[in-house]
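Chemist: Below are the sequence and a predicted model for it; my questions follow.
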Amino acid sequence: KTLFFNTTDESVLGGNILQKVKGGVCVSHEIMRYECGRYKNYQTSVIANGAEVTSVTNDSFPRQVDELRLAMLVGSDAVWHGYERLIHSLRHANLPKPVRLLLVGMDRPPSFHWPKDSQHAVEWMGRKSKKEVAEILMTCHAAVGTLALYKKSMTEASPLKVRECLLMGLPMIIGYHDTDVSADSRFEPYLFQVPN
């Protein structure tokens, strides 16, 4: 259904289901507008995703000595992660210090090739436990959130991974409007928001 007819059971039944419920919660304003467009009387409110404090808290960032260490938590090969944008940028970047990109949650794709003479490095870390992820993040200077949400025709989200990284004290690079983080001026010093 998805491949040939561009439809799913949810897309067919969703509007009818919304007519039967008393109310709902959406994790972004963009999703709320979409759901209300399916059924205009849908009673909903926005509550952005939250996160637990991780088992390890980063109270002192690693000193930047030889390289800048970036972490990106991907979990799957979904198109909206946009790690290819970051890799493309690193391939062409000539910076005063090398960058090491740690892609956590995915194994290295067989088609991935990295130039041996590059000053930068990309490491595919594979799946990790929550504790292992926290330990990896402790070694990093910054983290990267979603960079290609536009591939889902979206501009707003509230990913758990961004909240978890911010709770650890890591500044973030994101490529979308975060429902509550982007709107809160207290986060401005810790966010670098790139355009879609």
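Modeler: Received, thanks.

Chemist: and Ser182, that one's in a helix?
Modeler: No. Assessed with DSSP: H, G, I helix; E, B strand; the rest coil, Ser182 is coil; it does not lie in a helix.

Chemist: Output the biggest helix by length in the chain as PDB, nothing but the C-alphas.
Modeler: Assignment by DSSP state H gives helix 9-20 as the longest helix of the chain. Taking Å, rounded to 0.1, in the frame of the first residue of the first chain, the C-alpha atoms of helix 9-20 are listed here in PDB:
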ATOM      1  CA  ASP A   9      -4.300   2.100   7.000                       C
ATOM      2  CA  GLU A  10      -3.600   5.100   9.200                       C
ATOM      3  CA  SER A  11      -3.900   7.600   6.300                       C
ATOM      4  CA  VAL A  12      -7.200   6.000   5.300                       C
ATOM      5  CA  LEU A  13      -8.700   5.600   8.800                       C
ATOM      6  CA  GLY A  14      -7.000   8.400  10.700                       C
ATOM      7  CA  GLY A  15      -9.600  11.100  10.100                       C
ATOM      8  CA  ASN A  16     -12.500   8.800  11.000                       C
ATOM      9  CA  ILE A  17     -10.700   7.800  14.200                       C
ATOM     10  CA  LEU A  18     -10.100  11.500  15.200                       C
ATOM     11  CA  GLN A  19     -13.900  12.100  15.000                       C
ATOM     12  CA  LYS A  20     -14.400   9.400  17.700                       C
END
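
Chemist: in the helix or strand that it is followed by, what counts as buried?
Modeler: Once the chain leaves helix 9-20, the next helix or strand it forms, by DSSP states H and E, is strand 24-26. The neighbour-count check on strand 24-26 (16 or more other C-beta atoms under 10 Å) flags Cys26 as buried. From N, CA and C alone the C-beta is placed, and that goes for glycine too.

Chemist: quick one, strands of the chain?
Modeler: 24-26, 44-46, 68-73, 99-104, 121-126, 142-144, 156-157, 172-174, 177-178, 191-193 (DSSP state E).

Chemist: CA-only coordinates of stretch 103-122 in CSV, if you can.
Modeler: Written as CSV, here are the backbone C-alpha positions of stretch 103-122 (Å, rounded to 0.1, in the frame of the first residue of the first chain):
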residue,chain,number,x,y,z
LEU,A,103,27.4,8.3,14.4
VAL,A,104,25.8,6.4,17.2
GLY,A,105,23.1,3.8,16.5
MET,A,106,24.0,2.6,13.0
ASP,A,107,26.6,0.4,11.6
ARG,A,108,28.8,1.6,8.7
PRO,A,109,26.9,1.1,5.4
PRO,A,110,28.8,-1.1,2.9
SER,A,111,28.7,1.7,0.3
PHE,A,112,30.3,4.3,2.7
HIS,A,113,33.9,5.4,1.7
TRP,A,114,35.9,8.0,3.4
PRO,A,115,39.0,9.6,1.9
LYS,A,116,42.2,8.4,3.6
ASP,A,117,43.9,11.7,3.3
SER,A,118,41.0,13.7,5.0
GLN,A,119,41.9,15.7,8.1
HIS,A,120,38.4,14.7,9.5
ALA,A,121,37.1,11.3,10.5
VAL,A,122,33.7,9.6,10.6
